[in-house]
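Peer 1: After the sequence you'll find the predicted model.
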Amino acid sequence: MENLFSENSHLISQYLVPWSIKIFAAILIYVIGRFVAKLVVKSVVKLMEKSRVDESLRKFVGNIIGAVLTIFIIIAAIEQLGVDTTSIMAIFAAAGLAVGLALKDSLSNFSAGVMLIMFKPFKLGDLITAGGSTGVVEVIQIFNTVMRTGDNQEIIIPNSHIYGDSIINMSKRDTRRVDLVIGIGYDDNIGKAKQLIEGIIAQNSLILTDPAPTIMVLELGDSSINIAVRPWVKTGDYWPVRADLLQTIKETFDEQGISIPYPQRDVHMITNTAEKAA
């Protein structure tokens, strides 16, 4: 009886107590680790919220951080039980590499989306040219950006195509310059044409006086004298002013006898005098 009790005591002291302590420590590590992980995720999300980071990005980053911290907590808890975690970490590393290679394009779009949301080269409602397309920005998502074209088509562009190329934001500035090139004939009066254009600009209330409009001879073209017309307008008035100027200048030039020539070539015929004499 005493021997049996002694053996049981030995087993308890040698195996049960140490393992109970290890299991308790592992559970404690997991519980405390999860609590700390939730605090970290919550703090990061709040920090991003104060920085006005997009809600979808906040949730995504919070989930990623939570998942990574949970993996480390589980590994730490398993290691407390005396299990060699080297092979487990190697498996996680290999799985992470495989997933990274498989989702290479998605990760590239994600990182580009993060940069777009953080640095904000454009916002919702801006008219931009990016990724080979022009349109109004409707949605900026983690992996792609949705734009609407002038004829009401929807374009979905991967963020890596946008952030990896030049971005032209036509709505960023309050004012914008209208650049027109008006051609007149070589027989027309340049001074008169410029005066007519000045009068047309002066009558348009949407054109700004500061900066002052520019009207100048741009070049002597193949078939016309090209005059650069560069007034400044509010960004929202760009297209109405541009269309109105083109129509009004054409109508005024027609009334005043100033031509807007078509591209033309002068062809000189050379006659062989010997053949003519024969």
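Peer 2: Happy to help now that I have it. Residues are numbered from 1 along each chain as shown.
Peer 1: Could you measure from the residue nearest to Phe72 when sequence neighbours are not counted over to Ile74?
Peer 2: In space, and not counting its chain neighbours, Phe72 is closest to Gly33: 7.8 Å by CB to CB, 6 or more residues apart in numbering. In this view, the C-beta of every residue, glycine as well, is placed from N, C-alpha and C. Here Gly33 is placed at a distance of 8 Å from Ile74 (CB to CB, to the nearest Å).
Peer 1: give the contact list for the closest residue to Trp232 other than its chain neighbours.
Peer 2: With sequence-adjacent residues excluded and distances taken as CB to CB, 6+ apart, Trp232 is closest to Leu208, at 4.5 Å. Contacts for Leu208 (CB atoms under 8 Å, 6 or more residues apart in numbering) come out as Thr175, Pro231, Trp232, Val233, Lys234.
Peer 1: Distance to Ser106 added to those residues, as TSV?
Peer 2: Shown next, in TSV, are those (distance: CB to CB, whole Å):
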residue	distance to Ser106
Thr175	40
Pro231	46
Trp232	43
Val233	42
Lys234	40
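Peer 1: Max pairwise distance over these: which two?
Peer 2: Farthest pair in these (CB to CB) is Pro231 and Lys234. Separation: 11.4 Å.
Peer 1: which stretches of the stretch 1-150 of the chain have low pLDDT?
Peer 2: 1-19, 53-57, 60, 83-85, 87-105 (pLDDT under 70).
Peer 1: Can you show me the strands along it?
Peer 2: 127-130, 133-140, 144-148 (DSSP state E, counting those that start in this stretch).
Peer 1: Turn those into JSON lines, including mean neighbour count and distance to Arg242.
Peer 2: Shown next, in JSON lines, are the strands of the stretch 1-150 of the chain (neighbours: other CB atoms under 10 Å; distance: least, CB to CB, whole Å):
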{"stretch": "strand 127-130", "mean neighbour count": "21", "distance to Arg242": "14"}
{"stretch": "strand 133-140", "mean neighbour count": "17", "distance to Arg242": "15"}
{"stretch": "strand 144-148", "mean neighbour count": "21", "distance to Arg242": "21"}
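Peer 1: Please tabulate those in a markdown table, including the columns distance to Leu196.
Peer 2: A markdown table is the format used below for the strands of the stretch 1-150 of the chain (distance: least, CB to CB, whole Å):
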| stretch | distance to Leu196 |
| --- | --- |
| strand 127-130 | 31 |
| strand 133-140 | 32 |
| strand 144-148 | 38 |
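Peer 1: what about the helices in the stretch 51-200 of the chain?
Peer 2: Secondary structure of the stretch 51-200 of the chain (DSSP state H, counting those that start in this stretch): helices located at 55-80, 86-102, 104-119, 159-163, 190-203.
Peer 1: so of these, which one's packed in deepest?
Peer 2: Comparing those by mean neighbour count (mean count of other CB atoms under 10 Å), helix 159-163 ranks first with a mean of 22.
Peer 1: What helices and strands are in contact with that one?
Peer 2: Helices and strands in packing contact with helix 159-163 are listed as helix 104-119, strand 144-148; criterion 3 or more CB pairs under 8 Å, 6 or more residues apart in numbering; DSSP states H and E.
Peer 1: Would you convert the ones you listed into CSV that also reports distance to Ser160?
Peer 2: Shown next, in CSV, are these (distance: least, CB to CB, whole Å):
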stretch, distance to Ser160
helix 104-119, 4
strand 144-148, 9
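Peer 1: who wins for proximity to Gly131 among those?
Peer 2: When the helices and strands packed on helix 159-163 are ranked by proximity to Gly131 (CB to CB), strand 144-148 comes first, at 7.9 Å.
Peer 1: which other residues reach that closest one?
Peer 2: With CB under 8 Å, 6+ apart, strand 144-148 has contacts from 109, 113, 116, 128, 130-131, 133-139, 154-159, 162.
Peer 1: let's go with 7 Å and repeat that
Peer 2: Residues outside strand 144-148 that contact it (CB atoms under 7 Å, 6 or more residues apart in numbering) are 109, 133, 135-139, 154-159, 162.
Peer 1: picking up where we left off before, which among the strands of the stretch 1-150 of the chain is found nearest to Lys59?
Peer 2: Closest among these, using CB to CB: strand 133-140, at 14.7 Å.
Peer 1: and the gap between Ile155 and Ser108?
Peer 2: 19 Å.
Peer 1: And for Asp222?
Peer 2: In terms of CB to CB, Asp222 sits 47 Å off from Ser108.
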